[in-house]
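Novice: Got a predicted structure here, sequence first:
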Amino acid sequence: MFKNVFSLKEKVNYKEIANSQSIEIADLKRQNQELKSDLIRAKLSITPSRKIKASDKPHCQAVLEHLRSGKSITGLVALDLFGCYRLSDAIHKLRKRGHNIETTMKEHDGVQYGEYNLVS
């Protein structure tokens, strides 16, 4: 195993690392590609810890029950709890059915997202 671990965004100076560790550049590039592939496979294999299985209820119903309990919901919460990748679609359908749902735009680390609440 090589001493340096590469990130997906890191620019690698293969020649410098190879010289410092007495390794062939081709081997270093191959190892870097393998590490990137392993990282991508690991990220894809992570499944959300669902409290309600996606197949148990339609997303709209699960989201509505969550909102009726007085809790707010975001896309990440919906993904984690219900396996719902398109919360905005579920919210849109609920609004079309006459539910009064308020959106509050939030920002965290430069990323904007919507937080939804059911208005009584």
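Specialist: Great, that's in hand.
Novice: so Asn100 makes contact with Tyr116?
Specialist: No: if you go by CB atoms under 8 Å, Asn100 and Tyr116 don't touch, sitting 11.0 Å apart. Using the backbone N, CA and C atoms, a C-beta is placed for each residue, glycine as well.
Novice: Settle it for me: which of these two has more neighbours?
Specialist: The neighbour comparison of Asn100 against Tyr116 (other CB atoms under 10 Å) goes to Tyr116, with 24 against 10.
Novice: The more buried one: what secondary structure?
Specialist: strand (DSSP: H, G, I helix; E, B strand; the rest coil).
Novice: for it, what are its contacts?
Specialist: Leu67, Ser72, Ile73, Thr74, Leu87, Ile91, Ile101, Glu102, Thr103, Thr104 (CB atoms under 8 Å, 6 or more residues apart in numbering).
Novice: swap the cut-off to 6 Å and go again
Specialist: Taking CB atoms under 6 Å, 6 or more residues apart in numbering as the criterion, Tyr116 is in contact with Ile73, Ile91, Ile101, Thr103.
Novice: For the third one, grab phi and psi.
Specialist: What that stands for is Ile101. Main-chain torsions, Ile101, degrees, to the nearest 10: phi -120, psi 130.
Novice: Count residues in the vicinity of it, would you?
Specialist: Ile101, neighbours per other CB under 10 Å, totals 17.
Novice: So it versus Val77, what's the distance?
Specialist: 14 Å (CB to CB, to the nearest Å).
Novice: quick one: the strands in the protein?
Specialist: Applying DSSP state E to the chain gives strands spanning 101-108, 111-118.
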